Structures are given as structure tokens and as C-alpha cells.
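Enquirer: take this sequence and fold it.
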Amino acid sequence: MKKWVKRFGWSLFILFVLLNISCAFQAYHLTHFYTNIPAQDLNDTGFGTKLQAALFGMEIPKSKVVDSLSIPHQNIKIKTEDGLTLAGWFIDNLPDDSALGKGTILMFHGHASSRSGIITEAQAFYHLGYRVLMIDFRAHGESDGNVCTIGYQESKDVKAAYDYIAAKGEKNIILYGISLGAATAMKAVSDYNLHPSKMILEMPFGSLLDAVEGRLKIMGLPAEPLSVLLTFWGGTEQGFWAFSHKPEEYAKKIHCPVLLQWGKNDPRVSEKETDIIFSNLASAEKTVIKYDGAGHESLCKNSPGKWMENISGFLKQ
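Expert: Next comes the predicted model:
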């Protein structure tokens, strides 16, 4: 009997070690982007490639920038405090009827995207009379780096963009972020004591652990214990305690007016996460709006009329 118990114990230990090795590889590939590699559709690959992806993850190509922004704009470069160069667009020339401008909106995209992914929203803000600054986060688009920390280090990118606009004398700085961009903007305000005039947050995750669980959910994989292991290894590999990365806690240091938006069919960010963030916001002026029929996507593209009404109303307040 003792021999079988010992064998069973060793089997569990070996399984645990193998599971950790697999999660460590998966976490590495989820936080690294690569240049000059083609995007792969697993549906078009063989069994061997699918098995390798399931066990160890797969290389993800760095997002590309496609300049379909029809409004005249400047290509800019911004330096972060840790020495990375960020690429971006600055829309500084306003419509004739908004010559003085209403302020500047800093825009931050989602994970594995780039500034190209928020062009529709940028054009909407421009036509409302605002200057717009859009950057690629580190490891995204045309910015330096190949490591993404899901908002932890990217808060330095938000700070760099904020300082760039503040140095131009802008007093009315508004932060807009979608998904990763929203969570990162919240961390930057908390970390650096930034004082934006307003914030527009769309679908921020409640914590990094929640974000990992959301990703596993859409992949059809069990959250436990994979979410804990992936979160642990993702942070360990990048040198930070990933379980402390919680936008729901950063919300407690946000005092400016906030518009929080979320799609009711979002498979990645739960309503519970959204409600906790809203409850924790320290702002005396905060609004949460939930969109029927919208998932984890551009709410502007999904429901343009409702989005414009909500955004313009909030900015006029």
C-alpha cells in the first residue's frame, strides 16, 4: 500500500512540475511579441503545431500600424522614463469652428493592438473639437520593445504621453482607454498622481488574475488552477508580483469625473469586475453605462449612435 501511495505522490509531483513548465512557456509567449513573423491561424495548421501551441503557446506577431487616419496629423516620438521610444500620432489642427480647441484627449489601445485600432474613436473626438494624441504601447505597433506586462510597466507609457502634452501647456487633459489601455491609464493615475480633467474607461479588467481568467474562458480552458499559474509565471518572468496588479484598487485614487463603459456580452471582462471598479472609483462624478449586444470590442463601432451620445454628453458636463 505504501508503495502505491508513494508512486501516486510522485505522479502528482511530476504532473505539477510539467503543468508549471507548460504555464511558464504559455505566459512567456502571451507577454512577448515578435517582428517579421507571420500570423498563424491554428485552424490551418497540422496536429503537431496545434499540440505545441496547446502545451507551450505560440509566437505572436507584433501588431502593425496601418495609417488610415483621414485627418491631417503628425508622426511623433516620445521617450519613456525607462528609455523606450514610443511612436504616435498627434492631431493638432482642429476644425475651423473649434480653432481654440476644447482640450486634448490621450488615447490608449488594447492588448496586441496599436493606435490603428482606435482611429474611429479618434476621429469622433476630433470632430467634437478636441486635439488627440494616440500612442503605441511598448512592444506594440511601431514602439520599442517586445515585452508586454499587461499594463504594469505600460503605465510609464501613459505618464510619458501625459507629460508630453502637459509640456505644451495643455490644461484640459482627458484620458481615454479601451481594455488594456483603460486599465493602464488607471494604474498611471494611481502610480504618478496624475490629474486628468476626465477619464473615459472602456472595459478595464478588475485585476490581472481576472484578465487571465477571461482569456482562458474564451479559449474554453478551465480557470483553476491555470489562471493562478499563468498569472504567477507571467509576473515572475517580468519581475513583478502580478497578483497586486489590480485596476479595481487603482480606482480608489481616481478623483476626476469618470465615464465607465462595458458591453453586456463581454466574454473577457465580467459585470462583477465592472461594478467593483465603479464602486471603488473615488470620483464624486462617475457614470457607468452598459451596452446591450456588445462584447469585448469597440463600443463606438458596435453602437455608434449610443456611444456618441454618451461621450458627447459626458464631455460637455
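Enquirer: C-alpha only now, for contacts and for neighbours.
Expert: Fine.
Enquirer: distance check, T274 against G263.
Expert: To G263, T274 is 10 Å away according to C-alpha to C-alpha, to the nearest Å.
Enquirer: tell me the SS of G129?
Expert: Using DSSP: H, G, I helix; E, B strand; the rest coil, the secondary structure recorded for G129 is coil.
Enquirer: so it sits right up against N93, yeah?
Expert: No - at 9.9 Å, G129 does not count as touching N93 under the criterion of C-alpha atoms under 8 Å.
Enquirer: please enumerate the shared neighbours of T274 and G263.
Expert: M203 (C-alpha atoms under 8 Å, 6 or more residues apart in numbering).
Enquirer: and M199, that one's in a strand?
Expert: Yes - per three-state DSSP, M199 lies within a strand segment.
Enquirer: ok, now which ones touch it?
Expert: Residues near M199 by C-alpha under 8 Å, 6+ apart: I174, L175, Y176, C256, P257, V258, L259.
Enquirer: could you do W262 as well?
Expert: E202, M203, E271, T274, V288, I289, K290, Y291, A294, L299.
Enquirer: mind giving me CSV with those residues and columns for pLDDT, secondary structure and distance to E249?
Expert: Output for these, formatted as CSV (pLDDT from 0 to 100; DSSP: H, G, I helix; E, B strand; the rest coil; distance: C-alpha to C-alpha, whole Å):
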residue, pLDDT, secondary structure, distance to E249
E202, 98, strand, 17
M203, 98, coil, 15
E271, 98, helix, 16
T274, 98, helix, 12
V288, 98, strand, 17
I289, 98, strand, 20
K290, 98, strand, 21
Y291, 98, strand, 24
A294, 98, coil, 26
L299, 98, helix, 24
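Enquirer: just to revisit the earlier point, could the contacts of M199 be laid out in TSV, adding neighbour count, pLDDT and distance to G313?
Expert: TSV is the format used below for these (neighbours: other C-alpha atoms under 10 Å; pLDDT from 0 to 100; distance: C-alpha to C-alpha, whole Å):
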residue	neighbour count	pLDDT	distance to G313
I174	23	98	14
L175	25	98	16
Y176	22	99	15
C256	18	98	16
P257	22	98	12
V258	24	98	12
L259	21	98	10
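Enquirer: which of these fall within strands?
Expert: Among the contacts of M199, the residues falling in strands (DSSP state E) are I174, L175, Y176, V258, L259.
Enquirer: tell me, how many residues neighbour the residue lying closest to C300 once chain neighbours are set aside?
Expert: Distances taken as C-alpha to C-alpha, 6 or more residues apart in numbering place W307 nearest to C300, at 5.4 Å, with adjacent residues excluded. Using other C-alpha atoms under 10 Å, W307 has 19 other residues around it.
Enquirer: and what of L230?
Expert: Neighbours of L230 under the rule other C-alpha under 10 Å: 25.
Enquirer: how about K6?
Expert: Residues near K6, counting by other C-alpha under 10 Å, number 11.
Enquirer: just to be sure, it is in a helix?
Expert: Yes - residue state for K6 (three-state DSSP) corresponds to a helix.
Enquirer: hang on, the earlier thing: can I get the contacts of M199 in TSV including distance to S283?
Expert: Shown next, in TSV, are these (distance: C-alpha to C-alpha, whole Å):
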residue	distance to S283
I174	15
L175	15
Y176	16
C256	5
P257	6
V258	7
L259	10
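Enquirer: by mean pLDDT, point me to the weakest helix or strand of this structure.
Expert: Least confident helix or strand, the chain: helix 47-56 with a mean of 61, by mean pLDDT, DSSP states H and E.
Enquirer: need the contact partners of the following helix or strand past that helix.
Expert: For helix 47-56, the succeeding helix or strand toward the C-terminus, using DSSP states H and E, is strand 60-61. The contact list for strand 60-61, computed with C-alpha under 8 Å, 6+ apart, reads H29, L30, H32, F33, Y34, T35, N36, I37, P38, A39.
Enquirer: just the buried residues from these, in PyMOL please.
Expert: Those of the contacts of strand 60-61 that count as buried under 16 or more other C-alpha atoms under 10 Å are selected in PyMOL with:
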select buried, resi 29+30+32+33+34
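Enquirer: now for the contacts of strand 60-61: which two are most distant?
Expert: Taking C-alpha to C-alpha as the measure, the contacts of strand 60-61 span a maximum distance of 17.1 Å, between L30 and N36.
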